[in-house]
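Enquirer: Below is the sequence, then the predicted model.
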Amino acid sequence: MVGLVLLQLVLSPLSAMRKTKAGLAPGAQPPADYADNGYRWHRAHGNLAESMPAFVGLVLAAILAGGSPFWVNLFASGFLLLRILLAVVHINGIGKPDKGLRSFTYVAGWLMCLGLAYLVVKAVFFNG
């Protein structure tokens with residue numbers, strides 16, 4: 001989880017700097033245009049911020065429920081690596097905005113969260 005927080009702490013000011021450079025007021029959203037680098041930074045930051053609560057909750061629940069440490073670490077590490085890759089893909093505009101590498105990377109991260117949820121259900125309802 002520390003890695004994800006560090007990624008968020010890096011994306012936040014870098015996204016803000018690009019919005020300031022574009023003349024946007026603090027807290028304003030750039031126009032929705034994936035051709036615009038500032039918008040891509042804004043969405044990379046926002047996308048990570050949107051996914052963090054579910055991820056953190058699932059990791060904590062999996063740990064507290066007694067999920068297998070190996071699998072909790074595997075799914076959590078996979079999610080972190082995929083989020084880093086997603087940020088790189090998003091910021092650099094690699095692939096299509098929809099149904100491209102960015103979408104597939106996002107879904108792979110979502111599957112890591114689904115794996116964590118499975119560990120919680122298994123540990124709570126099926127004794128491990």
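Expert: Ah, there it is.

Enquirer: For this structure, give me the ranges with low pLDDT.
Expert: For the chain, residues meeting the criterion pLDDT under 70 lie at 128.

Enquirer: which residues of it fall in strands?
Expert: For the chain, no strands are identified by DSSP state E.

Enquirer: center of it - which residue?
Expert: Nearest to the mean C-alpha position of the chain, by Cα atoms, centre = their mean, lies residue 48 at 3.8 Å.

Enquirer: Now it: closest residue in space that isn't a chain neighbour?
Expert: Spatial nearest neighbour of residue 48, chain neighbours left out: residue 8 (5.6 Å); criterion: Cβ to Cβ, 6 or more residues apart in numbering. From N, CA and C alone the C-beta is placed, and that goes for glycine too.

Enquirer: Likewise for residue 72?
Expert: Using Cβ to Cβ, 6+ apart, the closest residue to residue 72 is residue 62 (4.7 Å).

Enquirer: How much space separates that neighbour from residue 114?
Expert: Applying Cβ to Cβ, to the nearest Å, the value for residue 62 to residue 114 is 12 Å.

Enquirer: With that, I have no additional questions.
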